[in-house]
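A.B. asks: output the structure for:
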Amino acid sequence: MKCYSINVHYDVCVPVDVLAETEEEALSKAQDQAERTPLSEALTYCHINYTDACVTDIQTICKSI
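C.D. replies: From the prediction side, this is the model:
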C-alpha cells in the first residue's frame, strides 16, 4: 500500500457584477471583488473546471507485525 500526495489544479470562475465607467475599471473592480470573496462562499455559485493533477510525494506504508 502507498500513500500518494496529490496536487489537484483547477480553474475557478466567479461571476461578479460591478458598476464602472470603463471596461478597464470594470475588470479591475471585478478582480478585486472576486479576490475578496471567501472560497467557501464562491463555491456555492461558481464554475469549477478540473485542469490537471500531479503527484508530489509517494510513501510506502508498511504493516507492522
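A.B. asks: outside of the helix or strand Ser40 falls within, which residues touch it?
C.D. replies: Ser40 belongs to helix 39-42 when elements are defined using DSSP states H and E. Residues outside helix 39-42 that contact it (C-beta atoms under 8 Å, 6 or more residues apart in numbering): Val12, Val14, Ala34. (Each C-beta comes from the backbone N, C-alpha and C, glycine too.)
A.B. asks: and the pLDDT for Tyr45?
C.D. replies: At Tyr45, the model reports a pLDDT of 69.
A.B. asks: what's the answer for the one 4 residues further on, then?
C.D. replies: Model confidence at Asn49, expressed as pLDDT, equals 69.
A.B. asks: need the pLDDT of the nearest residue to Cys3 once chain neighbours are set aside.
C.D. replies: Distances taken as C-beta to C-beta, 6 or more residues apart in numbering place Gln59 nearest to Cys3, at 4.7 Å, with adjacent residues excluded. On pLDDT, Gln59 comes in at 84.
A.B. asks: next one: Asn7
C.D. replies: 87.
A.B. asks: ok, now Arg36?
C.D. replies: 91.
A.B. asks: just the residues contacting the lengthiest strand in the chain, thanks.
C.D. replies: In the chain, ranked by residue count with DSSP state E as the criterion, the top strand is strand 47-60. Outside of strand 47-60, the residues within contact range by C-beta under 8 Å, 6+ apart are 1-13, 15.
A.B. asks: one more time with 7 Å
C.D. replies: Lys2, Cys3, Tyr4, Ser5, Ile6, Asn7, Val8, His9, Tyr10, Asp11, Val12, Cys13 (C-beta atoms under 7 Å, 6 or more residues apart in numbering).
A.B. asks: angle of the one helix or strand the fifth one maps to against strand 47-60?
C.D. replies: Using DSSP H and E, Ile6 sits in strand 2-13. Taking axes from the mean of the first three to the mean of the last three C-alpha atoms, to 10 degrees, one finds that strand 2-13 is oriented at 160 degrees with respect to strand 47-60.
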